[in-house]
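Participant: quick one, structure for this:
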Amino acid sequence: MIYITGDIHRDFYRLHNIEKNENNVVIILGDVGINYCLNKEDNKCKKYLNDMNIKLFCIQGNHEERPENISSYKEVDMFGGKVFIEDEYPNLIFAKNGELYTIDGKSVLVIGGAYSVDNDYRLAYGHRWFKHEQLSGFEKEQILNKYSGKHIDIILSHTCPLKYEPTEVFMKGLDQSKVDKSMEIFLDKIEENIDYDKWYCGHFHTEKQIDKLEFMFGRIKIFNKDEFYPKYNRNGYEIIRDVYSQDEVMKEEVICPKCHSKDILVIKGDGFRIDGADFIGITCNDCQKVYGFGDVNYKPNCPKEL
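Facilitator: A predicted model of the protein is given here:
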């Protein structure tokens with residue numbers, strides 16, 4: 001099975017839902033966090049992930065070094081194109097920017113990289129910043145010339161075309177006129193000049209769909225299907241996500257919004273992944289379903305399971 005998810009930033013909690021099987025592949029749309037420290041700390045993470053016995057197909061984000069700039073990586077053939085792997089961690093695969101792959105029978109174009117809006121802060125306080133986080137002008141020109149006018153089934157990128165930027169999640173107080181939008185402008189040209197069926201991206205820590213483009217973050221989907229994973233929780237109850245708002249359901253007498261049963265359990269936030277004492281869903285023992293609310297205040301980088 002092939003799955004897809006958004007930025008992980010070294011928080012591997014969500015991957016434990018994937019069955020440990022070397023035939024299972026998880027596509028991560030950038031900022032994995034395993035080429036960040038560039039020391040033994042990275043190696044600990046890589047060993048931990050490699051031993052999970054699932055394959056990770058990673059897109060380059062902006063908060064990690066490019067694999068081609070790390071001497072331990074080598075370029076090999078996989079998925080019908082070139083990828084980067086390390087001999088010691090063969091289950092951790094990095095896609096090559098601008099490469100066309102065949103994944104699950106679909107043609108898949110990968111375009112990684114983005115601008116770090118917090119780069120000044122990172123440089124001032126000694127945090128990691130990677131000068132090759134964005135594609136060069138030469139790389140952009142090559143990709144545009146190679147694929148313009150063609151049909152590609154699926155595009156995977158870290159950031160998104162400028163026309164689809166989710167302005168509602170922009171950092172408050174940040175002067176957007178000082179943000180380098182060259183990657184997004186380039187992806188606008190890709191979007192306009194390539195015929196495609198589906199586009200997945202990450203970077204913005206949000207989840208929504210606009211036209212044929214889908215932003216992914218904390219949850220996992222089955223690749224090329226509009227189906228979240230896991231579909232069932234540990235008790236075998238089907239999870240129905242983002243069905244209701246809290247105001248719609250949390251009345252004086254709480255009942256199941258679907259079958260109106262009173263045999264329910266209210267699920268509350270634990271304070272670690274939820275801002276405030278939010279209700280995050282209800283479990284109906286008659287429906288045998290878990291209904292999630294779409295207006296829960298999840299904390300940044302929280303895997304949104306409901």
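Participant: check which helices and strands the helix or strand of the chain with the lowest mean pLDDT sits against.
Facilitator: Taking mean pLDDT, DSSP states H and E as the measure, the helix or strand of the chain with the lowest value is helix 246-249, at a mean of 72. For helix 246-249, the elements it packs on are strand 279-284, strand 289-293, judged by 3 or more CB pairs under 8 Å, 6 or more residues apart in numbering; DSSP states H and E. (C-beta placed from N, C-alpha, C; glycine too.)
Participant: turn those into a markdown table, including distance to residue 203, mean neighbour count and mean pLDDT.
Facilitator: Below are these laid out as a markdown table (distance: least, CB to CB, whole Å; neighbours: other CB atoms under 10 Å; pLDDT from 0 to 100):
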| stretch | distance to residue 203 | mean neighbour count | mean pLDDT |
| --- | --- | --- | --- |
| strand 279-284 | 25 | 22 | 83 |
| strand 289-293 | 24 | 22 | 85 |
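Participant: between those strands, which one is closest to residue 152.
Facilitator: strand 289-293 (33.1 Å; CB to CB).
Participant: what's in contact with the closest one?
Facilitator: 233, 237-246, 249, 256-258, 267, 279-284, 306 (CB atoms under 8 Å, 6 or more residues apart in numbering).
Participant: what secondary structure does residue 206 sit in?
Facilitator: Recorded secondary structure, residue 206: coil (DSSP: H, G, I helix; E, B strand; the rest coil).
Participant: surely it touches residue 170?
Facilitator: No - using CB atoms under 8 Å, residue 206 is not in contact with residue 170, being 10.3 Å away.
Participant: so the residue nearest to residue 262 when sequence neighbours are not counted: helix, strand or coil?
Facilitator: If the residues on either side of it in the chain are set aside, residue 262 comes closest to residue 255, at 5.5 Å by CB to CB, 6 or more residues apart in numbering. What three-state DSSP gives for residue 255 is coil.
Participant: contact partners for residue 255?
Facilitator: Neighbouring residues of residue 255 by CB under 8 Å, 6+ apart: 261, 262, 264.
Participant: any idea how far it is from residue 149?
Facilitator: Separation of residue 255 from residue 149 (CB to CB, to the nearest Å): 56 Å.
Participant: repeat for residue 247
Facilitator: In terms of CB to CB, residue 247 sits 49 Å off from residue 149.
Participant: go on, residue 164?
Facilitator: Taken as CB to CB, the span from residue 164 to residue 149 is 21 Å.
Participant: mind checking which of the two has more residues around it?
Facilitator: A side-by-side neighbour count of residue 164 and residue 149, using other CB atoms under 10 Å, places residue 164 first with 20 against 7.
Participant: hang on, isn't that one packed against residue 213?
Facilitator: Yes - contact criterion CB under 8 Å: residue 164 and residue 213 qualify, at 5.3 Å.
Participant: count the neighbours of residue 170 for me.
Facilitator: Neighbourhood size, residue 170 [other CB under 10 Å]: 13.
Participant: residues contacting it?
Facilitator: Residue 170 neighbours (CB under 8 Å, 6+ apart): residue 176.
Participant: tell me the pLDDT of it.
Facilitator: Looking at residue 170, its pLDDT reads 89.
Participant: cool, thanks, talk later.
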